[in-house]
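Colleague: build the 3D model from these lines:
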Amino acid sequence: MEINWIALLLAALVPLIVGFVWYHPKVFGNAWMAAAGLTEESLKGANMLKIFGLTYLLSFMAALVFQTVVIHQFHMLSVLADEPGLNDPQSEPARYLADFLAKYGNHYRTFKHGAFHGVFFSLLLILPVVGINAMFERRSFKYIAVNTGFWIVAFGLMGGIISAMK
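Modeller: Reported below is the predicted structural model:
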């Protein structure tokens, strides 16, 4: 099973692009700033190159792990990962994996399927994580909704890209 590095590099751009739109003052930016207790003045002077660079790096890390969620064929590889001889193309496990991938390698490899997993993942993992942190930080429901909504859209698009790019 090959890793599609181009798909991961493209998917890692999604949080930057979606964030540019999502957190714009004319979309959810003002609501987010109010819920987070920020002002335009407090946001000035930040090192944006550092913020965008680290955002891209962290988004790439998320995409790298996220491919194992949206591409089901990785599960088969993980089941056989420590079988002796898997790296020998003539071994029984390697032939079994090759046959499996030849027959089922493109099943569920659509944008729609990846986007479904991105939304599902966001609701079942991101919402609880953001929600728990927000409660301890005494943040409002609006804060949870704005930030979780961002990740639902971002992971939906990331999952779609990763799944569709074969």
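Colleague: is it true that G85 touches R95?
Modeller: No: using Cβ atoms under 8 Å, G85 is not in contact with R95, being 9.8 Å away. For every residue, glycine as well, the C-beta is placed using N, CA and C.
Colleague: quick one: the helices in this protein, in order.
Modeller: 5-11, 14-22, 30-36, 40-43, 48-70, 73-80, 92-104, 111-121, 127-136, 141-164 (DSSP state H).
Colleague: and the angle from the fifth one to helix 141-164?
Modeller: For helix 48-70 against helix 141-164, the angle between stretch directions is 60 degrees (axes from the mean of the first three to the mean of the last three Cα atoms, to 10 degrees).
Colleague: now for helix 48-70, which elements pack on it?
Modeller: helix 5-11, helix 14-22, helix 73-80, helix 111-121, helix 141-164 (3 or more Cβ pairs under 8 Å, 6 or more residues apart in numbering; DSSP states H and E).
Colleague: let's go with 7 Å and repeat that
Modeller: Packing partners of helix 48-70 (3 or more Cβ pairs under 7 Å, 6 or more residues apart in numbering; DSSP states H and E): helix 5-11, helix 14-22, helix 111-121, helix 141-164.
Colleague: so which elements touch the first one?
Modeller: Under the contact definition 3+ Cβ pairs under 7 Å, 6+ apart, helix 5-11 sits against helix 48-70, helix 141-164.
Colleague: dump the ones you listed to JSON lines, plus mean neighbour count and distance to H24.
Modeller: Converted to JSON lines, those look like this (neighbours: other Cβ atoms under 10 Å; distance: least, Cβ to Cβ, whole Å):
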{"stretch": "helix 48-70", "mean neighbour count": "15", "distance to H24": "15"}
{"stretch": "helix 141-164", "mean neighbour count": "22", "distance to H24": "12"}
